[in-house]
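J.: give me coordinates for this.
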Amino acid sequence: MMKVLVPYDDEDLLSIMQNTLEGHAEIIQSSRDIESMLDAGSEVEIVTSGRVPGKFIRNAPNLRLIHSFGAGVNNIDANAVMERDNLLVCNCHVNAAEVAEYAIMLLLAVAKNIIINDRTLRRGDWTYGWGGPRPNIEIRDKTCIIIGLGNIGSEIAKRLRCFSLKLVGVTNSGGSPYESLVDEIIKIDDIFQYVEKADFVILSLPLTKDTRGLVNDEFLSHMKDSSILINISRGDIVDESALYKALDAGRILGAGIDVWWEYPSKRGGTAYPSNRPFHELDCVVLSPHRAAYSENIQEDQIQFVAENVLRFIKGETPLNIVDMEKGY
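T.: Below you'll find the predicted structure:
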């Protein structure tokens, strides 16, 4: 019977895993720190977590599968994984539709001034009423670039079709199984000439060695001063300083950001999300990394992971195998 390490103190998670894997695997629970993981599960064959350091991987000789509960695998040590010949990594895209809805919500919130309208009117201030300093931006008849046309990007494209705008998908190869959802698809190498025409840029791509810092000073210099950037992927895809300077100087119109560069040391803690004062800019809508968090998503993610682990235990090929060299 295979051993599965679940490094979370979550009764619902453990219950779903136990109900699905009962009779097929022994579930071992630990805390998420490396010492606890090693003490409890250095002999396990499977780990279900999106955060697995190289020290654990290199000291777990029987490890054969790492399964993330989310789409991102950037907190799983890729070098340690690739040192092994028979170690698989899988991820989960159950939350793709929810993240897509949230990305569009961020776009609308920035374009329609929702946050600043609410904030000022709560003080009885009608400055941003009819004829105010920031007219709403029209979504229709505009051009939107979706960088990353995978599971999440395709769900964004599906939902944006009803807004009557031009959609351009961007991928490494210039192709995608979802290219029918967009009006045009291009290679990432050709991005700048399209960014110059874009009204909205939505980032929905994984963080890899190639995408880290993709949105830098040069990228932002090609964006129109009337354009909006939305990031629901990973903070480090965007150069923190470059984006703040562009927003503060009015070189782009605004941004909706759900993923950041600074996080509190514990869930629910207190910390500004950046070393730059994005929170002082009215043109930015800030969100605390919760695009994927909705009423049913957590249970659905756990159920998917449990069922996929069961596939692996039964000798079947699991779904969503990640190429760790590429990072997706």
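J.: CA atoms for contacts and neighbours, from now on please.
T.: OK.
J.: how much space between I145 and D282?
T.: 23 Å (Cα to Cα, to the nearest Å).
J.: neighbour-wise, which of the two wins?
T.: Between I145 and D282, counting by other Cα atoms under 10 Å, I145 is the more crowded of the two (27 against 16).
J.: which residues does the more buried one bridge with?
T.: Beta bridges link I145 to V168, V201 when assigned by DSSP bridges.
J.: look at it and report its pLDDT.
T.: Note on I145: pLDDT of 98.
J.: now swap in A242 and tell me
T.: Looking at A242, the pLDDT reads 98.
J.: for it, which three-state class applies?
T.: Of the three states, A242 takes helix according to DSSP: H, G, I helix; E, B strand; the rest coil.
J.: I'd like the numbering to begin with 766 instead of 1 from here.
T.: In the new count, where the first residue is 766, that last one comes out as A1007.
J.: so what's the spatially closest residue to it that is not a sequence neighbour up against?
T.: Among residues not flanking A1007 along the chain, D982 sits closest, at 5.3 Å (Cα to Cα, 6 or more residues apart in numbering). For D982, the contact set (Cα atoms under 8 Å, 6 or more residues apart in numbering) comprises 1004, 1007-1008.
J.: how about G897?
T.: Contacts of G897 by Cα under 8 Å, 6+ apart: none found.
J.: do the one 5 residues further on as well
T.: If a contact means Cα under 8 Å, 6+ apart, then I902 has 876-877 as its contacts.
J.: just I1062 next, same as before
T.: Neighbours of I1062 in contact, by Cα under 8 Å, 6+ apart: 859-860.
J.: and the pLDDT at it?
T.: 91.
J.: which residues of the stretch 866-1015 of the chain fall in helices?
T.: 879-886, 916-925, 956-960, 982-987, 1005-1013 (DSSP state H, counting those that start in this stretch).
J.: want to try TSV for these, with distance to R829 as columns?
T.: Below are those laid out as TSV (distance: least, Cα to Cα, whole Å):
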stretch	distance to R829
helix 879-886	47
helix 916-925	25
helix 956-960	38
helix 982-987	40
helix 1005-1013	37
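J.: single out the most deeply packed of those.
T.: helix 916-925 (a mean of 21; mean count of other Cα atoms under 10 Å).
J.: which non-adjacent residue is nearest M782?
T.: A1071 (5.4 Å).
J.: please, which helix or strand holds that neighbour?
T.: helix 1062-1078 (DSSP states H and E).
J.: sort out which residues of that helix are buried, please.
T.: By neighbour count with 16 or more other Cα atoms under 10 Å, helix 1062-1078 contains the buried residues 1063, 1065-1075, 1078.
J.: buried residues in stretch 822-840, which are they?
T.: 822, 825, 827-839.
J.: wait, Q794 sits on V771?
T.: Yes: look at Q794 against V771 with Cα atoms under 8 Å: they come within range, at 4.9 Å.
J.: the more surrounded of the two?
T.: For Q794 versus V771, neighbours defined as other Cα under 10 Å are more numerous around V771 (23 against 18).
J.: just the CA coordinates of stretch 1078-1090, formatted as CSV?
T.: The C-alpha trace of stretch 1078-1090 is given here as CSV (Å, rounded to 0.1, in the frame of the first residue of the first chain):
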residue,chain,number,x,y,z
ILE,A,1078,-1.9,4.2,-7.5
LYS,A,1079,-3.9,1.9,-9.8
GLY,A,1080,-1.2,2.1,-12.4
GLU,A,1081,-3.0,4.5,-14.7
THR,A,1082,-1.5,7.6,-16.2
PRO,A,1083,-2.6,10.6,-14.1
LEU,A,1084,-4.0,13.7,-15.7
ASN,A,1085,-2.2,17.1,-15.9
ILE,A,1086,1.4,15.9,-15.9
VAL,A,1087,3.7,18.9,-15.8
ASP,A,1088,6.9,19.3,-17.8
MET,A,1089,9.1,20.7,-15.0
GLU,A,1090,11.8,21.8,-17.5
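J.: report the next helix or strand after the helix or strand that N784 is a member of in sequence order.
T.: Assessed by DSSP H and E, N784 sits inside helix 776-786. Beyond helix 776-786 in the direction of the C-terminus, DSSP H and E gives the next helix or strand as strand 790-794.
J.: which residues are contacting stretch 1011-1029?
T.: By Cα under 8 Å, 6+ apart, stretch 1011-1029 touches 871-872, 874-876, 985-986, 988-1001, 1005, 1035-1040, 1046, 1048-1056.
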